[in-house]
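**Q** what's the 3D shape of this:
(2 chains)
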Amino acid sequence: MSFFSGASTSTAVSAPAATEKDIEVADPPTDSISSLAFSPQADYLAVGSWDNNVRIYEVGASGQTQGKAMYGHQGPVLSVCWNKEGNKILSGGADNAGRLFDVTTGQSQQVAQHDAPIKSVRWIETPQGGILATGSWDKTLKYWDLRTPNPISTVQLPERCYTMDVQYPLLVVGTAERHIQIFNLTNPTTAFKSMVSPLKWQTRVVSCFPSANGFAVGSVEGRVAIQYVEDKDASNNFSFKCHRRDQSPTQKDQSLVYAVNDIAFHPVHGTFSTCDLSGSDGTINFWDKDARTRLKNRTSLAFEPAPGPVPATAFNRTGAIFAYAVSYDWSKGHSGMTPGHPNKIMLHACKDDEVKRKPPKR
Amino acid sequence: MAICQFFLRGQCRFGSSCRNEHPADGKVGGGFGNQSWTASSGAGSGSSSTSLNPANFFTQELITRDLNPRSDKPLWPLSSYGPAKYQPTLVPGLDESPEEMRVKAESALKAGNIQEYVTFEANHIAAADQTFNNARSNISELYQQAIRNFHSSPPTSSGFRPSGGSPLASSSTSAFGAPASTSVFGKPSGFGAFASSGPSAFGGAATTSAFGKSSLGQPSQPTSAFGTPAQSTSAFGQTSAFGQPSSTGTSAFGQPAQGTSVFGQPAQGQGTSVFGQPKQPTSAFGTPAQSQPLAFGQVSQPTSAFGQSAFGQTSQPQSSLIKPATGAFGSAAATGGAFSSLTTTPVPPASGGGFSAFSGQPSAFGLGAAANVPSTIATPSTPPSVFGRSAFGNVSSTTTPAVNPPSAFGAPSAFGAQTQTQSAFGAPSSVPSSGFSAFASNAPPVQSAFGSPAPQAPSAFGAPPQPSPAQSAFASMQIPTQSAFSQPAAALAPQGGGFASGSAAPPKPKSTKPEFYNIKSPYKPGLDKYDALLPENYLELIPPAARKAFEAPKFEWGNIPEWIPPKELR
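**A** Below you'll find the model as predicted:
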């Protein structure tokens, strides 16, 4: 919980947003980044990292960043999120604890407890007030009212929770062994629907549409599935391959299959980004799920490939800024953890043609 | 090359110039028509076109590819695997996320025994690799297991209908019989898969021939198309493969009326062989246009044996039946007329009937079976032809009911086989596009198989003149040839079902070519909405040559007028 303020000046890198280059955030964490979250009210970015800390940065208009605060867990932080008012940060980590950080007071406290590391935290803004949802590797999903030390309720999951996302009233949990559970938050304790993943391999990430009528599932096999909740929309379900590379320039077999690490939806346009890990470079793509097309490849124009895997991404509340982290995501196990690995967060100013849907050609 | 999916359904528009592979039937899908259906041994490949057939979701080839690190296997080694979307996990217990591994590493690091973690990780990865290696070497078993999983938890939600017996359930439980043992057809993918091995769809084990009577002959055929594993009831009658669990021998085709051949013909006399005794003039299928309600000939009949019930209802895989393509229908050369009656009258159910018409024609359905069947005839989504095939298939074969009964449905031309040629239906390749349309030519919207003379040239029936005894008349058409019927149809374009044009083929089943000449014209004044658009004096308007052609008893080859046939002359 030390304050960060004196440490750095703003402007990590040249500021002008007009440049094609992405801006690197100043004073990034010292170890891999696990998750990113923008505040829903202002341009603050919370970053959770494997160095046990959560850092909060303020992002300026032209992209300069300034570290504002930091607080720690007892173990690596696996997930961060903000509450709706943007004055509290929730985080969960491998110390089995969920912590709340109050931005105004600068104090943090533990508010949640599991039997195993908490993989995912999400804030739910219900009409009755705010609730924290935490998903953990102890195969439970717990709902917490921050005022009481005990969870409001606990939901048993079929397996360890690997990923979770909320877009009121939709909550989707992806667990190990390819289970997916869908909850309707008006009835949060029972799964509204429980299904097997539409993808063939381990689920890596789920992310809800801003319109809350469906979600995207990403897996380790370089594939993303778009899934609608209602059966009547089921005909719109589809999946597509992405993040694959050829083994060698001569063999066009697309056999290097990378995992999709994160999916982030643009809050306004409804398009979404996927990012993947990669041995040598990470790629980020933007897609339009309704037109079923790719909008932008990171390798073109402004988006040059990252020098490392991209484990996490986030859009800010307006969708104008896209943040992505570059750090080792353990995709190659321990052996991949080379000391010279970069750990940074990049900010990209989104141009319209990158993230906006293309109008249908007539 | 990729296998052309349209071709499998008989709807490939490119035909031989298609860029995808058109496997000769019997090769793709592991021989759906193959009596010996061995589900395993990679039979799964070449997914059949029926929906809800596990082959539609995953095939053995697909699984092989998925598990191959050189193609589709992900780089992350610690992951469980399921064969297709929504399918339960096939290779379970392996899931470890990168974060979990890393957390372990971090704690090991803190504890100072990082080496322990390293070995742990290596072991884990090695174990996973080992599992997948095993999987790769036992692909067929894995596939079987996947099928079993598929059946036990049929894909629901997200638009999946509960799939019942997917025929692919290999091993003994014939798809049809398996899981539910209820009508093969009851479950949507039931027919599609004619699952391998053993019990032929039609009640395989059971003696009752699918068609209600064992007449189809070999009740116990191990692999009757409908496979009901040992279910005695032939697919059709019993356990209503077609979704009608009616166990009463009623022909599968939905007509509980026993004895009545599936095709609606109330028992033509023989035990209702669905296929309408080949010889009979009114063979199940076509009963020469006479009133036979059987869908086949009588378009108007609401329920052509196939059209309605069996096929219509179950909306099953339909195509699956067709697959075997054995000219089930084709064989019966007898009823040429059956189809002729098809003309006009929207054939919704009739579409199935359409086939019946052909029942005389050996392959009428056979072709259809191959591909089109589903769409055209049955419209209701069932490939009425399926039955058509069988029914006809038998017919052709020597009209012995017993003729490979099973084949109709799945057996590679159960009927067709007998008769040897694979009846029109049997010829998968040829059929591609609605071969059947030949008959349908009427109203384009009509279920096209028969109806669309124009689009699909191949109409099975297209070659009226060639019934070619053994082969299914339709089969001979071999698609490209304009379906015999289409000939006139071509000229006719929208209206007047091809057959109608000028020829009123006698419904009576002749063993040779269908005689369309004497078919009663199906023209009715208000039937076709385009009729009213013709100018009043149209008869006078058309050039004399065309008019003459219309007035002739039949069209000359190559001399079909391109005018709409005048109402009077239809």
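
**Q** C-alpha only now, for contacts and for neighbours.
**A** Noted.

**Q** So, low pLDDT: which residues of the stretch 251-362 of chain A?
**A** Along the stretch 251-362 of chain A, segments meeting pLDDT under 70 span A:251-256, A:270-282, A:296-307, A:331-332, A:335-340, A:352-362.

**Q** of all of the stretch 151-300 of chain A, which residue lies closest to chain B?
**A** Nearest residue of the stretch 151-300 of chain A to chain B: residue A:198, at 3.8 Å (Cα to the nearest Cα).

**Q** host element of that residue?
**A** Using DSSP states H and E, residue A:198 sits in no helix or strand.

**Q** can you tell me which residues contact the closest residue to it other than its chain neighbours?
**A** Closest residue to residue A:198 apart from its sequence neighbours, by Cα to Cα, 6 or more residues apart in numbering or on different chains: residue B:85 at 3.8 Å. Neighbour list for residue B:85: A:196-200, B:57 [criterion: Cα atoms under 8 Å, 6 or more residues apart in numbering or on different chains].

**Q** again, 7 Å this time
**A** By Cα atoms under 7 Å, 6 or more residues apart in numbering or on different chains, residue B:85 lies in contact with A:197-200.

**Q** Report pLDDT for it.
**A** Per-residue confidence (pLDDT) for residue B:85: 71.

**Q** Could you do residue A:126 as well?
**A** What the model reports as pLDDT for residue A:126 is 84.

**Q** on that earlier part again, using JSON lines, lay out the contacts of residue B:85 together with pLDDT.
**A** Listed next are the contacts of residue B:85 as JSON lines, based on pLDDT from 0 to 100:
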{"residue": "A:197", "pLDDT": "88"}
{"residue": "A:198", "pLDDT": "88"}
{"residue": "A:199", "pLDDT": "87"}
{"residue": "A:200", "pLDDT": "85"}
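
**Q** Helix, strand, or coil at residue A:133?
**A** Secondary structure assignment for residue A:133 (DSSP: H, G, I helix; E, B strand; the rest coil): strand.

**Q** so it sits right up against residue A:126, yeah?
**A** No: counting by Cα atoms under 7 Å, residue A:133 stays clear of residue A:126, with 11.7 Å between them.

**Q** Quick check: the residue of chain B nearest chain A.
**A** Closest residue of chain B to chain A, Cα to the nearest Cα: residue B:85 (3.8 Å).

**Q** which secondary structure element contains that residue?
**A** Applying DSSP H and E, one finds residue B:85 in no helix or strand.

**Q** distance of it from residue A:135?
**A** Remark: distance between residue B:85 and residue A:135 (Cα to Cα, to the nearest Å) = 24 Å.

**Q** what about residue A:133 and residue A:126, which has more around it?
**A** The neighbour comparison of residue A:133 against residue A:126 (other Cα atoms under 10 Å in any protein chain shown) goes to residue A:133, with 27 against 12.

**Q** Name the nearest residue to that one, sequence neighbours excluded.
**A** Spatial nearest neighbour of residue A:133, excluding adjacent residues (Cα to Cα, 6+ apart): residue A:143 at 4.6 Å.

**Q** still on that earlier bit, quick one: buried ones out of the contacts of residue B:85?
**A** Among the contacts of residue B:85, those that count as buried by neighbour count (16 or more other Cα atoms under 10 Å in any protein chain shown) are A:197-200.

**Q** all helices for the stretch 101-250 of chain A, in order.
**A** Here the stretch 101-250 of chain A has no helices by DSSP state H, counting those that start in this stretch.

**Q** For the residue nearest to residue A:133, list the residues it contacts.
**A** A:131-134, A:151-154.

**Q** Would you mind listing which of the residues you listed are buried?
**A** Those of the contacts of residue A:143 that meet the buried threshold are A:131-134, A:151, A:154, by 16+ other Cα under 10 Å.

**Q** What are the buried residues along stretch A:111-131?
**A** Residues A:111-114, A:116-125, A:131 are the ones in stretch A:111-131 that count as buried (16+ other Cα under 10 Å).

**Q** Could you work out the most separated pair of the residues you listed?
**A** Maximum pairwise distance among the buried residues of stretch A:111-131 (Cα to Cα): 25.2 Å, between A:116 and A:125.

**Q** quick check: mean pLDDT across stretch A:148-156?
**A** With pLDDT averaged residue by residue, stretch A:148-156 scores 89.

**Q** how far is that stretch from where the chain is centred?
**A** Mean-position distance between stretch A:148-156 and its chain equals 24 Å (Cα atoms, centre = their mean, to the nearest Å).

**Q** Now do it: everything it contacts.
**A** A:111, A:139-145, A:189.

**Q** nearest to chain B, of these?
**A** Distance ranking of the contacts of stretch A:148-156 against chain B, using Cα to the nearest Cα, places residue A:139 first at 13.3 Å.

**Q** Report pLDDT for that closest one.
**A** So residue A:139 comes in at 92 (pLDDT).

**Q** ok, it - contacts?
**A** Contact partners of residue A:139, counting by Cα under 7 Å, 6+ apart, are A:156-161.

**Q** need the residues of the stretch 151-300 of chain A near chain B, please.
**A** Those residues of the stretch 151-300 of chain A that sit near chain B, judged by Cα under 7 Å from any Cα of the partner chain, are A:176-177, A:195-202, A:220-221, A:231, A:234-235, A:253-258.

**Q** just to revisit the earlier point, out of the contacts of residue A:139, list just those in strands.
**A** A:156, A:161 (DSSP state E).

**Q** which of the contacts of residue A:139 count as buried?
**A** A:157-161.

**Q** Among those, give me the pair with the biggest separation.
**A** For those, the farthest-apart pair by Cα to Cα is A:158 and A:161; their separation is 8.6 Å.

**Q** For residue A:109, give me its contacts.
**A** Listed by Cα under 7 Å, 6+ apart, the contact set of residue A:109 reads A:99-101.

**Q** Return the set of residues that bridge with it.
**A** Using DSSP bridges, the beta-bridge partners of residue A:109 come out as residue A:100.

**Q** And the residue of the stretch 1-150 of chain A that's closest to chain B?
**A** Going by Cα to the nearest Cα, chain B is nearest to residue A:94 of the stretch 1-150 of chain A, at 6.9 Å.

**Q** so how many other residues sit close to that residue?
**A** Neighbour count for residue A:94, taken as other Cα under 10 Å: 28.

**Q** Skipping adjacent residues, who's closest to it in space?
**A** Among residues not flanking residue A:94 along the chain, residue A:117 sits closest, at 4.1 Å (Cα to Cα, 6+ apart).

**Q** I appreciate the help and will end here.
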